[in-house]
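Asker: One predicted model, sequence on top.
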Amino acid sequence: MRTKLLAWAAALALAAAAQAAPQPQPPFDEFFFDKAWRIDFYHMGDAKSESFVLRRIAEEGAWPEPKAALLPPFDYGRYVCRVYDAASNRLIFSRGFDTMFGEYKTTSPALAGSVRVFERSLRVPAPRRPVLFVIEQRDKRNLLHPVFNQSIDPADYHILREPPAQGDWIYEARVAGDPHDAVDLVFLAEGYAAADRDKFRADVDRMAAFLFSVEPYKALKARFSVRGVFRDSPERGMDEPRQRSYRKTVLDASFNAFDLDRYMLVEADHRMHEMAGQVPYDILAVLVNSPRYGGGSIGLDYCVSTVDHAASPQVFVHELGHSFAYLADEYYDSEVSYNDFYPKGIEPLEPNITALLDPARVKWQDLLSPGIGIPTEYGKARMEALRAELRAGQEAKARALEAARGKNAPAGEIQAIEARAKAAEDELGKKMAELKAAVMDPLADKVGVFEGAGYASKGLYRPMIHCIMISSPKNEFCRVCQRAIARMIDFLSGRG
């Protein structure tokens with residue numbers, strides 16, 4: 001018992017050191033077999049408490065990531081899993097990750113004490129010798145604290161060594177070479193009937209083609225392998241609880257995640273990863289056979305999007321930005337279910353938003369446009385005032401029309417109300433267009449520090465006015481996001 005406690009104390013010391021300074025990459029073949037382990041957990045709790053429960057460990061195929069990339073160069077994830085060699089207490093593997101529970105615990109039901117359970121699968125290379133597996137959680141200051149640990153012996157007969165789920169159709173859209181040297185993207189079919197296999201293949205090709213039309217994916221396309229895994233569902237589509245519409249599908253994808261009608265996620269995380277494990281993968285994307293607009297993602301886990309809406313390719317690329325490169329949402333005026341998702345006074349982990357705690361050292365300092373103001377004035381307050389005036393006018397028009405119709409007013413009076421409202425709307429539209437042309441458009445290609453990001457109108461900032469992570473008329477990532485994506489591509493293709 002004393003030996004275990006000493007090992008655990010040493011592991012914690014190493015974890016603290018790992019946060020403070022870069023660690024040399026461990027030699028892969030000394031510590032690992034060229035195989036992957038899938039570690040399935042249940043993650044449960046409310047806003048005040050949480051816990052992890054190990055469900056199972058399953059051996060999969062070859063480890064797909066570069067052998068020289070066991071310790072990442074970036075500090076992403078609201079949680080971190082670490083693997084220590086038990087004999088030496090050396091840190092030999094580390095990965096940041098997010099979970100559905102990590103989002104849930106910031107919602108009103110969680111704050112009210114409602115406990116929920118979510119699945120999460122983590123993947124690590126298969127160790128040759130006994131290891132200590134540790135999960136750490138960030139507090140509101142983004143400092144890491146251990147919340148779970150498990151000693152694991154690779155010889156344990158409880159580890160599942162059966163082949164991954166088989167019988168699914170595998171589509172190899174493009175193969176860039178050895179998975180260790182490529183970024184492996186896998187698309188999973190959700191809500192496709194047996195007769196829809198050709199449609200799934202066409203959807204994979206269409207989504208991949210759009211992805212590789214966007215920088216930096218376009219310039220780095222040669223590093224990507226793209227595969228699809230098709231498993232038919234009894235019914236097409238996905239669940240839409242607000243519409244009282246439910247479908248029997250492979251992965252149980254559902255809108256209304258965290259009670260937001262437009263937000264779709266997959267709670268069957270274990271099944272999803274087991275399905276994906278039939279092929280090498282670094283990036284996991286779920287395609288849902290539906291014409292409805294929408295999608296979602298969990299950072300450093302997966303993204304999901306419908307396929308048959310006109311904007312589905314853009315939704316897919318936006319959501320992939322979260323799950324692949326750990327990019328934050330840059331919008332600030334959209335409905336969300338989160339409370340205090342980014343605590344005030346704490347610098348966010350994501351590379352594309354900042355709390356600007358030190359204006360002299362901006363997170364993307366080297367990319368700032370020469371002479372740009374920090375923070376960057378771009379007419380935001382004036383534009384918001386005009387939009388508020390427009391909304392107030394529309395509400396006043398609706399009340400006036402309701403009152404007029406309620407008293408059976410003559411058609412001329414109703415027409416006069418509509419005409420006055422239209423004239424006011426046209427005038428406000430003209431002012432907004434003038435403001436955009438005079439102030440916003442000249443800054444459209446500048447990298448600055450623009451207030452409004454991360455679901456907050458005040459106190460959080462983004463690098464550029466336009467980006468796929470907020471909205472982009474040209475379907476472009478800002479330069480900061482492009483660099484973050486390229487850095488992840490470098491890491492997973494062995495160049496970083």
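Answerer: Now that the structure is in, tell me what you want to look at. Numbers count the residues shown, from 1 in each chain.

Asker: measure Ala388 to Arg420 for me?
Answerer: 19 Å (CB to CB, to the nearest Å). (C-beta placed from N, C-alpha, C; glycine too.)

Asker: Same check on Asn352?
Answerer: Per CB to CB, Asn352 is found 43 Å from Arg420.

Asker: Now do the helices in the stretch 201-350 of the chain.
Answerer: Remark: helices assigned in the stretch 201-350 of the chain by DSSP state H, counting those that start in this stretch are 269-276, 312-325.

Asker: hang on, the earlier thing: which of Asn352 and Arg420 has more residues huddled nearby?
Answerer: Using other CB atoms under 10 Å, the more surrounded residue of Asn352 and Arg420 is Asn352, with 31 against 14.

Asker: what's that one in contact with, if anything?
Answerer: Leu327, Ala328, Glu330, Ala453, Arg462, Pro463, Cys467, Met469, Cys478, Val480, Cys481, Ala484 (CB atoms under 8 Å, 6 or more residues apart in numbering).

Asker: re the thing from before, turn the helices of the stretch 201-350 of the chain into TSV, columns for mean pLDDT and mean neighbour count.
Answerer: Shown next, in TSV, are those (pLDDT from 0 to 100; neighbours: other CB atoms under 10 Å):
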stretch	mean pLDDT	mean neighbour count
helix 269-276	97	22
helix 312-325	98	24
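
Asker: mind putting the ones you listed in CSV, distance to Ala437 included?
Answerer: Listed next are those as CSV, based on distance: least, CB to CB, whole Å:
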stretch, distance to Ala437
helix 269-276, 46
helix 312-325, 25
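
Asker: Filter the contacts of Asn352 down to the ones in helices?
Answerer: Among those, the members found in helices (DSSP state H) are Val480, Cys481, Ala484.

Asker: bridging residues for Leu265?
Answerer: Applying DSSP bridges to Leu265 yields these beta-bridge partners: Ser254.

Asker: Now do the contacts for it.
Answerer: By CB under 8 Å, 6+ apart, the neighbours of Leu265 are Met100, Ala253, Ser254, Ala257, Gly296, Ile298, Val304.

Asker: Can you get me a residue count around the second one?
Answerer: By the criterion of other CB under 10 Å, Ala253 has 31 neighbours.

Asker: Please report how far the closest residue to it other than its chain neighbours lies from Glu267.
Answerer: Excluding its sequence neighbours, the residue lying closest to Ala253 (CB to CB, 6 or more residues apart in numbering) is Met238, at 4.1 Å. Here Met238 is placed at a distance of 12 Å from Glu267 (CB to CB).

Asker: Looking at those two, which has the bigger crowd around it?
Answerer: Counting neighbours by other CB under 10 Å for Met238 and for Glu267 shows that Met238 has the greater number, 27 against 17.

Asker: which strands and helices sit next to the lengthiest helix in the chain?
Answerer: What stands out as the longest helix in the chain, according to DSSP H, is helix 380-406. Judged by 3 or more CB pairs under 8 Å, 6 or more residues apart in numbering; DSSP states H and E, helix 380-406 is in contact with helix 411-435, strand 450-453.

Asker: For it, give the mean pLDDT please.
Answerer: For helix 380-406, the mean pLDDT works out to 93.

Asker: buried set for that helix?
Answerer: Lys380, Met383, Leu386, Glu389, Leu390, Gly393, Lys397, Ala400, Leu401, Ala404 (16 or more other CB atoms under 10 Å).

Asker: Roughly how far does the residue nearest to Ala253 sit from Gly191?
Answerer: For Met238, the distance to Gly191 (CB to CB) stands at 5 Å.

Asker: between those two, what contacts are shared?
Answerer: Arg247, Thr249, Ala253, Val288, Ser290.

Asker: where does the chain have low pLDDT?
Answerer: Applying pLDDT under 70 to the chain flags residues 1-22, 334-340.

Asker: So Phe118: helix, strand or coil?
Answerer: Here Phe118 is recorded as strand under DSSP: H, G, I helix; E, B strand; the rest coil.

Asker: residues near it, how many?
Answerer: 19.

Asker: Surely it is in contact with Met100?
Answerer: Yes. Between Phe118 and Met100 there is a contact under CB atoms under 8 Å: 4.3 Å.

Asker: Quick check: the residue nearest to Glu235 when sequence neighbours are not counted vs Ser233, distance?
Answerer: Excluding the flanking residues, the one nearest Glu235 by CB to CB, 6+ apart is Arg247, at 4.3 Å. Separation of Arg247 from Ser233 (CB to CB): 8 Å.

Asker: Now the common contact residues for these two.
Answerer: Residues touching both Arg247 and Ser233 (CB under 8 Å, 6+ apart): Gly191.

Asker: more crowded one of the two?
Answerer: Ser233 (23 against 20).

Asker: these two touch, right, the more buried one and Val250?
Answerer: Yes. Ser233 is within contact range of Val250, at 4.8 Å (criterion: CB under 8 Å).

Asker: Next up, phi/psi of Ala486, please.
Answerer: Per-residue torsions, Ala486: phi -60, psi -40 (degrees, to the nearest 10).

Asker: pretty sure it is touching Lys218, no?
Answerer: No. Counting by CB under 8 Å, Ala486 sits too far from Lys218 to count as a contact (11.1 Å).

Asker: Nearest approach to Ser312 belongs to which of the helices and strands packed on helix 380-406?
Answerer: strand 450-453 (24.4 Å; CB to CB).

Asker: roughly how far is the closest one from the heart of the chain?
Answerer: Distance of strand 450-453 from its chain centroid, counting by CA atoms, centre = their mean, to the nearest Å, is 19 Å.

Asker: by contact count, what packs against that strand?
Answerer: Counting by 3+ CB pairs under 8 Å, 6+ apart, strand 450-453 packs on helix 380-406, strand 456-462.

Asker: what angle sits between the longest helix of the chain and helix 411-435?
Answerer: For helix 380-406 against helix 411-435, the angle by axes from the mean of the first three to the mean of the last three CA atoms, to 10 degrees is 170 degrees.

Asker: how far off strand 456-462 does helix 380-406 point, in degrees?
Answerer: Using the same axes, to 10 degrees, one finds that helix 380-406 and strand 456-462 are set 140 degrees apart in direction.

Asker: what sits against Ile353?
Answerer: Residues near Ile353 by CB under 8 Å, 6+ apart: Ala328, Glu330, Tyr342, Ala453, Gly454, Leu460, Tyr461, Arg462.
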